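[1] Sequence below, structure please.
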Amino acid sequence: QGNVTITGYKLNYQSTDGLATGVTYCSGGATRDCSLDGFKNGKTYSITIAASNDPRLETNFGPISDPLSVDTPGSLPNVYSVATVRTTAYSAVVSWVADG
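    All right, here's what the predicted structure looks like:
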């Protein structure tokens with residue numbers, strides 16, 4: 001069959017409770033990373049990837065990868081308090097005490 005040029009990828013994700021699902025398309029065959037937005041804290045997601053040779057990323061997807069399980073943190077980290085603020089004529093530097 002020869003080599004086929006990959007033009008992009010389709011990433012599907014679903015939370016294990018089934019309440020959150022989504023699809024993201026990433027163009028560029030050399031791309032090996034892609035952002036998935038909208039995840040919620042404390043959930044586990046299943047992600048699959050498929051490659052395409054269609055420049056529009058509408059058809060011609062190859063086999064779907066095995067699912068990858070991803071856990072999101074249970075909660076957001078806390079910032080306890082602002083420790084100092086130093087200002088100049090055009091900027092400010094803020095320091096704080098963080099959780100952990």
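
[2] Ignoring the adjacent residues along the chain, who's closest to residue 44?
    In this structure, residue 44 finds its nearest non-sequential neighbour in residue 16, 4.6 Å apart by C-beta to C-beta, 6 or more residues apart in numbering. Bear in mind the C-beta positions are built from the backbone N, C-alpha and C, glycine included.

[3] for that neighbour, what are its contacts?
    Counting by C-beta atoms under 8 Å, 6 or more residues apart in numbering, residue 16 makes contact with 43-46.

[4] Residue 62 is in contact with residue 51, correct?
    Yes - here residue 51 reaches residue 62: they are 4.9 Å apart, a contact under C-beta atoms under 8 Å.

[5] So these two - more neighbours on which side?
    Per other C-beta atoms under 10 Å, whichever of residue 51 and residue 62 has more neighbours is residue 51, with 17 against 14.
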